[in-house]
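Novice: Sequence first, predicted model second:
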Amino acid sequence: MDRVGGICKDKMAPHERVGALMMGQTPDRVPFNPFAMGFSSLNCGYTIESFYNDPQKSLNAQLWTAEQYGYEPVLLLGYAAYGGWEFGGEIKMPTSEWEGAPSVARHPVETEEDVEKLELPDVKTAGIIPISMEFSKLCDEMGLPILPGTSGDAITVASNITDVSLFCRWLMKKPELAHRLLRLATDHILEAYQYWVDTFGAQKIMAGLYVTVAANQILSPKQFEEFVLPYQYELHEKILGMGVQAGFMHICGEQNLNLPLIQQLPLGSPQQPVILSFGHEVDLEKAAEMFPDNIIAGNVEPQIIQNGTPEQVYEVTRIAIEKGKKAPGGFFLMPGCELPPMAPGYNIHTMMKAVNDFGFYD
Amino acid sequence: MATEARKKEILKGLYDGVVEFDEDKVVELSNAVLAEDVDAYEAIMDGLAAGMEHVGDLYANQEYFVPEVLMCSDALYAGLDILRPHLSGKEADVRGQVVIGTVEGDVHDIGKNLVKMMFDVAGFEVHDLGRDVKLEKFVEEQMKTDSEIVALSALMTTSMLAMPKVIEMIKARNPDAMIMVGGAPISQEVADNYGADGYAQNAANAVQEAIQMVSRLREMGKA
């Protein structure tokens, strides 16, 4: 399966490589996916906005960009600001030169009274769900795994429903309000997953589970224990309990103090593998040691992929690969978070080059 | 007039009130400062600001996190609102002026607000443009206020790319303006590459950096 130019020594196709990883087998080399969302759209001549509002363009961009660079496609149409629009607020699509993803333009909850009045949205029509569902149908037609666009991260949904600063103050002063938002966020996510399972069947679905606002740049481990762990536990338990084929959990940012708590979450099994993706702030060797039964993913610093020289990108990718390859549960090379949409394409090629140079298993 | 012992007690109380985010205590003691004729400037600097400096250390050491720091900030502002109108003469003079905002394309403002608070408590006049600020607005506001410093914040790798552009725009209109950058994806190396004059790793050193920049300007006779 050598590519033109002879730099590719692949013995497996991308789906075979990911399949082997998910089944607990050793693939020919480390699989690589750069979490390329807005980047894919720009790469294919589309706008970033179209990634989030045009399912066909979003699918094309992700598949074509994976084909161009030779990495493993993992397709998703979703966004980190999930919750604001879905619960009745307004979203701002990325249209300016400096925007990389949708952001909440108006939060549905701005006062304590708004919390009391807030209700669960209609799961079939809320916010981005119809667009994301359409995207999932396109994936299904192509026989690709389906990663629902709904969030799997109760604390982040809750802090998108209201302003995150206000939410943080409620954690301290009015915890009952924070808990009500977390309850609604959790119930909504579960309803959305049930909608996807009812539409496609659980076995086609890879669950997306995230913890973003829970990062220690924002919350303490004590706050994680009280406001994140119980809801995230419920999400993991119930979503995995629906019988989905696998899970992908992105543990965003600095989460070192939270890792012992994350260990307490249901994190799959050999029959239902869950990939744990880490930011550059968490050392991959430590992650592999703490989660030996999971596939570890990460963690090249996105800022370096955007601003670094090819030499710097090659070096940080080499380090990630060499650490990750030792993970007993397997390793999937990724950036520590979404690939910056304006990253130079050559730096993605450089990451692929590092995969070819250091990523093969003996 | 408060005795020295009582003054110390009040200052310590303000310090503790900020650190323990006890807004009621800060309000009560700030009123006591006025009623008992304690110097308002001392109360701000040795009570509230000193407390906030300790809060900065607690955040850096991962003993406090954003929710605690926001609560401390609320307590601090409760005291500042009472005491600041009672500064007089030289004490009321501002240390400098700063235009601050999160750059266009970025709605994240927790970090920017914490830096703003540190400027406030350090005696700067702050012109806060908010978040998702059009690049031209930074230029206009700097020119309008003749601020010595423009502080730019970005959390996203996309919006950070606006920084070199706005730095270029500001410098083209006023080469003497000092630009400081900060935010999660920013490092000293990035700040240098972008042509910034200063880099703030966190809210506390943003102010130290700003004070140094204003001093440099004044030494050059430009401020």
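Specialist: Sure, I can see it.

Novice: so which helix or strand takes in residue B:180?
Specialist: Under the criterion of DSSP states H and E, residue B:180 resides in strand B:178-182.

Novice: near chain A at all, that strand?
Specialist: No - using C-beta under 8 Å from any C-beta of the partner chain, strand B:178-182 stays clear of chain A, with a minimum separation of 12.8 Å. Using the backbone N, CA and C atoms, a C-beta is placed for each residue, glycine as well.

Novice: Residues contacting that strand, please?
Specialist: For strand B:178-182, contacts defined as C-beta atoms under 8 Å, 6 or more residues apart in numbering or on different chains pick out B:111, B:115, B:148-154, B:163, B:167, B:170-171, B:190-191, B:194-202, B:206, B:209-210, B:213-214, B:216-217.

Novice: ok, which of the residues you listed also contact chain A?
Specialist: For chain A, the contacts drawn from the contacts of strand B:178-182 by C-beta under 8 Å from any C-beta are residue B:190.

Novice: and the contacts of strand B:178-182, which of them are in strands?
Specialist: B:149, B:150, B:151, B:152, B:153, B:198, B:199, B:200 (DSSP state E).

Novice: If you rank every helix and strand of chain B by mean pLDDT, what lands last?
Specialist: Within chain B, no helix or strand scores below helix B:89-92, which has a mean of 66 by mean pLDDT, DSSP states H and E.

Novice: For chain B, give me its nearest residue in the stretch 251-362 of chain A.
Specialist: As assessed by C-beta to the nearest C-beta, chain B sits closest to residue A:340 within the stretch 251-362 of chain A, at 3.7 Å.

Novice: Secondary structure element holding that residue?
Specialist: Per DSSP H and E: residue A:340 is located in neither a helix nor a strand.

Novice: per-residue confidence at residue B:205?
Specialist: You'll see residue B:205 listed with a pLDDT of 73.

Novice: any idea how far it lies from chain A?
Specialist: Applying C-beta to the nearest C-beta, to the nearest Å, the value for residue B:205 to chain A is 16 Å.

Novice: quick one: the strands in the stretch 151-300 of chain A?
Specialist: A:206-211, A:246-251, A:274-278, A:295-300 (DSSP state E, counting those that start in this stretch).

Novice: Save these as a markdown table, and put in mean pLDDT, distance to chain B and mean neighbour count too.
Specialist: Putting those into a markdown table (pLDDT from 0 to 100; distance: least, C-beta to the nearest C-beta, whole Å; neighbours: other C-beta atoms under 10 Å in any protein chain shown) gives the following:
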| stretch | mean pLDDT | distance to chain B | mean neighbour count |
| --- | --- | --- | --- |
| strand A:206-211 | 94 | 15 | 24 |
| strand A:246-251 | 96 | 16 | 24 |
| strand A:274-278 | 97 | 16 | 27 |
| strand A:295-300 | 97 | 13 | 28 |
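
Novice: which one of those strands lies closest to residue B:127?
Specialist: Checking these against residue B:127 by C-beta to C-beta gives strand A:206-211 as the closest, at 36.3 Å.

Novice: which secondary structure elements does that closest one contact?
Specialist: The contact analysis (3 or more C-beta pairs under 8 Å, 6 or more residues apart in numbering or on different chains; DSSP states H and E) places strand A:206-211 against helix A:154-161, helix A:229-241, strand A:246-251.

Novice: Send over it as CSV, restricted to the C-alpha atoms.
Specialist: Provided in CSV are the C-alpha atoms of strand A:206-211 (Å, rounded to 0.1, in the frame of the first residue of the first chain):
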residue,chain,number,x,y,z
MET,A,206,-19.4,5.9,19.0
ALA,A,207,-20.3,8.0,22.1
GLY,A,208,-18.6,11.4,22.4
LEU,A,209,-17.9,12.1,26.1
TYR,A,210,-16.1,15.3,27.1
VAL,A,211,-15.0,17.3,30.1
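
Novice: Tell me the residues of the stretch 101-250 of chain A that contact chain B?
Specialist: So the stretch 101-250 of chain A meets chain B at A:101, A:103-104, A:164-165, A:168-169, A:171-173, A:216-220, A:223 (C-beta under 8 Å from any C-beta).

Novice: Those: which two are farthest apart?
Specialist: Distances among those were taken as C-beta to C-beta; the most separated pair is A:101 and A:173, at 30.3 Å.

Novice: What ranges does chain B have for its helices?
Specialist: For chain B, applying DSSP state H gives helices covering B:4-19, B:23-35, B:40-42, B:50-60, B:66-83, B:89-92, B:110-121, B:135-145, B:162-173, B:188-194, B:203-219.

Novice: go on, the stretch 51-200 of chain A?
Specialist: Here the stretch 51-200 of chain A has its helices, by DSSP state H, counting those that start in this stretch, at A:55-69, A:112-117, A:129-141, A:154-161, A:164-173, A:175-200.

Novice: follow-up on the earlier one: would you list the strands that the strand holding residue B:180 pairs with, along with their directions?
Specialist: Within its sheet, strand B:178-182 is paired with strand B:149-153 (parallel), strand B:198-200 (parallel), according to DSSP bridges.

Novice: can you give me the angle that strand makes with helix B:162-173?
Specialist: Using axes from the mean of the first three to the mean of the last three C-alpha atoms, to 10 degrees, the inter-axis angle of strand B:178-182 relative to helix B:162-173 is 170 degrees.

Novice: Walk me through the domains of chain B.
Specialist: According to automatic domain parsing, chain B comprises the domains B:4-91, B:94-219.

Novice: and residue A:123, which of those is closest to it?
Specialist: When those are ranked by proximity to residue A:123 (C-beta to C-beta), domain B:94-219 comes first, at 26.0 Å.

Novice: Centre of the chain to that closest one, how far?
Specialist: Relative to its parent chain, domain B:94-219 has a centroid offset of 11 Å by C-alpha atoms, centre = their mean, to the nearest Å.

Novice: Go through the residues of the stretch 101-250 of chain A next to chain B and name the one with the lowest pLDDT.
Specialist: For those, the weakest pLDDT value sits at residue A:217, with 89.

Novice: Is it correct that that one is in contact with residue B:185?
Specialist: No - Residue A:217 is beyond contact range of residue B:185, at 11.9 Å (criterion: C-beta atoms under 8 Å).

Novice: which residues of the stretch 1-150 of chain A score low on pLDDT?
Specialist: For the stretch 1-150 of chain A, the stretches with pLDDT under 70 are A:1-8.

Novice: need the longest strand for chain B.
Specialist: Longest strand in chain B, counting residues (DSSP E): strand B:96-102.

Novice: what's in contact with that strand?
Specialist: Identification of contacts with strand B:96-102 by C-beta under 8 Å, 6+ apart yields B:108-109, B:112, B:115-116, B:119, B:124-133, B:137-138, B:141-142, B:145-155, B:159, B:183, B:210-211, B:214, B:223.

Novice: ok, residue A:82 touching residue A:160?
Specialist: Yes - under the criterion of C-beta under 8 Å, residue A:82 makes contact with residue A:160 at 6.3 Å.

Novice: got the contact list for residue B:17?
Specialist: Residue B:17 neighbours (C-beta under 8 Å, 6+ apart): B:23, B:25, B:26, B:29, B:51, B:75, B:79.

Novice: actually residue A:84, not the one I wrote
Specialist: By C-beta under 8 Å, 6+ apart, the contact set of residue A:84 is A:90, A:91, A:104, A:105, A:106, A:107, A:108, A:127, A:160, A:161.

Novice: number of nearby residues for residue A:116?
Specialist: Residues lying near residue A:116 (other C-beta atoms under 10 Å in any protein chain shown) number 10.

Novice: which residue is nearest the centroid of the chain?
Specialist: No chain specified, so I'll use chain A. residue A:250 (4.9 Å; C-alpha atoms, centre = their mean).

Novice: That one bridge partners, please.
Specialist: Under the criterion used (DSSP bridges), residue A:250 bridges to residue A:210, residue A:277.
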